[in-house]
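1. Sequence isn't available, so here's the structure alone:
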């Protein structure tokens with residue numbers, strides 16, 4: 001019994017030590033269960049993005065053509081520390097809906113993205129460029145610094161030659177041409193719940209999205225965010241329309257990033273376990 005009690009206290013001690021170490025590292029966490037007017041003080045709204053009662057509208061809602069809007073969290077994300085080879089784990093959860101309001105070809109889509117802290121809406125980035133890329137550089141990965149997960153509802157290859165011929169979820173690495181895609185069924189005025197994670201140890205960006213009836217979509221891609229982006233970035237959402245219309249409504253958004261020194265954590269674990277063994 002005494003041995004079991006010691007084991008329990010040992011486990012608690014190790015857990016608390018690791019937790020304390022984790023929380024001492026650079027991290028960021030926030031949550032919007034809805035978007036009241038108070039939320040605006042923590043956001044950078046660009047273009048047509050605006051807060052309606054309890055929701056965040058990324059584009060215009062009055063059926064006007066050509067609209068671009070973005071919303072960025074005010075605080076920066078410490079994504080990596082290149083001097084120590086540290087890289088953050090990320091978790092982004094959000095829910096959104098799209099509404100065509102009678103448009104026969106609703107377009108164009110939205111994206112959650114990471115970009116340099118001083119990022120602004122690129123000129124000419126309406127329509128299929130989703131408010132993320134300039135037309136001249138949209139396919140030139142060396143000219144861009146943006147990682148995004150896009151939810152693309154327009155696939156006319158005569159104008160958007162980079163897209164697959166279906167509505168899709170895509171992972172974009174410095175280019176509007178997705179590195180990985182999965183077919184996705186756009187549903188008008190239905191909420192899609194999304195989880196995006198980045199696991200630093202495996203360099204894996206993973207996406208899981210589901211509708212309330214259980215229909216699920218998943219994809220993942222290996223990408224080294226430390227190589228593709230600067231050490232400090234901002235996280236946000238972007239959406240755009242062109243000649244066609246749809247509204248892009250964000251209902252909730254939570255985010256967590258933790259920049260952990262895994263080597264130090266391993267050493268702390270060994271110190272505690274060896275001390276307990278004695």
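-> Structure received. The shown structure was predicted, so the numbers you read here are calculated from the model rather than taken from an experiment. Numbers count the residues shown, from 1 in each chain.
2. Direction included, what does whichever strand or helix holds residue 209 pair up with?
-> Using DSSP states H and E, the element containing residue 209 is strand 204-210. Strand 204-210 pairs in its sheet with strand 192-199 (antiparallel), strand 216-222 (antiparallel), by DSSP bridges.
3. Compare those strands and give me the one nearest residue 45.
-> strand 192-199 (20.7 Å; CB to CB). Using the backbone N, CA and C atoms, a C-beta is placed for each residue, glycine as well.
4. So what touches the closest one?
-> Contacts to strand 192-199, defined as CB atoms under 8 Å, 6 or more residues apart in numbering, come from residues 88-97, 112, 149, 151, 204-212, 225.
5. are any of these buried, and which?
-> Taking 16 or more other CB atoms under 10 Å as the criterion, what is buried in the contacts of strand 192-199 is 88-90, 92-97, 112, 149, 151, 205-209, 225.
6. Find the one among the strands paired with strand 204-210 with the highest mean neighbour count.
-> Among those, strand 192-199 has the highest mean neighbour count (mean count of other CB atoms under 10 Å), at a mean of 18.
7. that older thread, now intersect the buried ones among the contacts of strand 192-199 with the strands, please.
-> 88-90, 92-97, 112, 149, 151, 205-209 (DSSP state E).
8. Lowest-scoring secondary structure element of the protein by mean pLDDT?
-> Lowest by mean pLDDT, DSSP states H and E among the helices and strands of the chain is helix 262-277, with a mean of 41.
9. where exactly do the strands run in the stretch 1-150 of the chain?
-> Along the stretch 1-150 of the chain, counting by DSSP state E, counting those that start in this stretch, strands occupy 27-32, 43-47, 50-52, 55-57, 67-73, 77-78, 80-81, 86-99, 109-116, 147-152.
10. show me where pLDDT drops low in the stretch 51-200 of the chain?
-> Low-confidence segments of the stretch 51-200 of the chain (pLDDT under 70): 103-104, 155-163.
11. at 80 instead, please
-> Applying pLDDT under 80 to the stretch 51-200 of the chain flags the ranges 63-65, 101-107, 154-165.
12. Would you mind giving the domain segments of the protein?
-> The chain resolves into domains spanning 1-25+261-278, 27-259 when parsed by automatic domain parsing.
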